[in-house]
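Novice: Quick one: sequence and predicted model below, then my questions.
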Amino acid sequence: MSYADTMAALNAKRTQIEAIQAEMRELQAGVEPQEVADYVLAGWNGPVRLSDLFGAKRDLIVIHNMGTGCPACTMWADGFNGVYDHLAARAAFALVSPNPVATQKTFAASRGWRFPMVSYGDSAFAEDMGFREGGEPLDDKLGGWNPGVSTFRRDGERILRLSNAEFGPGDDFCVVFHLFDLIPGADPSWRPRYSYAQETAQ
């Protein structure tokens, strides 16, 4: 297929995707929020409640991250770090992972992350939100933990969950895969890494 014909076909598909996205936004706008508990999490300066993460904002975005053992989750977080100022202008934003606070501090400093972070600690937050499979020990291992995002709204003394979505290759929350999609024949063995310094130097 010629370049022009391919672009025309792709643009037609993109128009279809835009229409579906508009339908999804309409569905989201009509959601009946789910009330959730004010979970106690492990903050960098001591215990914090979910309600504390809102700060002065009405809305809150929480990233469910699998922790330092997952280079893919690290790549997602690197992306959020780059647009953190834009996100924080609209809603409070925090990343939560199973790692202990001390581990989070060291890893965040090594990545240059600027957003707030908390640990699941001993809470049931991840499991209740659907981002942890039951039966796994509460530690910082990959087993049992799942990545994604939940959004919340503060309504007086209540905390309401507005939406959630899982993260995975090709999703709408990481630009890397969409840019790679524009390169026919890209290396299918590519995987996210913590650093590409050695590969770049070759």
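Specialist: Perfect, thanks for sending it.
Novice: low-scoring stretches of the protein, by residue?
Specialist: For the chain, the stretches with pLDDT under 70 are 134-143, 198-202.
Novice: Can you tell me the centre-most residue of it?
Specialist: Central residue of the chain (CA atoms, centre = their mean): residue 63, 3.9 Å from the mean position.
Novice: Give me the phi and psi for that one.
Specialist: In terms of degrees, to the nearest 10, the main-chain angles of residue 63 are phi -90, psi 120.
Novice: Surely it is in contact with residue 78?
Specialist: No - Residue 63 is not in contact with residue 78 according to CB atoms under 8 Å; the separation is 11.8 Å. C-betas here are computed from N, CA, C, even on glycine.
Novice: ok now do the residue nearest to the centre of the chain, which residues does it touch?
Specialist: For residue 63, the contact set (CB atoms under 8 Å, 6 or more residues apart in numbering) comprises 76-77, 80, 93-96, 148-149.
Novice: Across the sheet, point out what pairs with it.
Specialist: residue 95, residue 149 (DSSP bridges).
Novice: mind listing the strands for this protein?
Specialist: Counting by DSSP state E, the chain has strands at residues 34-36, 40-43, 46-49, 59-64, 92-97, 117-119, 148-155, 158-166.
Novice: Need the ones you listed in a markdown table (columns: distance to residue 109).
Specialist: Output for those, formatted as a markdown table (distance: least, CB to CB, whole Å):
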| stretch | distance to residue 109 |
| --- | --- |
| strand 34-36 | 31 |
| strand 40-43 | 16 |
| strand 46-49 | 19 |
| strand 59-64 | 18 |
| strand 92-97 | 14 |
| strand 117-119 | 11 |
| strand 148-155 | 23 |
| strand 158-166 | 28 |
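Novice: Residue 19: which of those strands is closest?
Specialist: strand 158-166 (19.3 Å; CB to CB).
Novice: And the contacts of that closest one?
Specialist: 28, 31, 33-38, 50-51, 59, 129-131, 146-154, 171, 173.
Novice: Among those, name the buried ones.
Specialist: 36, 50, 129, 131, 146-154, 173 (16 or more other CB atoms under 10 Å).
Novice: Between those, which sits nearest residue 119?
Specialist: Nearest to residue 119 among the buried ones among the contacts of strand 158-166, counting by CB to CB, is residue 50 at 12.9 Å.
Novice: quick one: that closest one from residue 154, how far?
Specialist: From residue 50 across to residue 154, the span is 10 Å (CB to CB, to the nearest Å).
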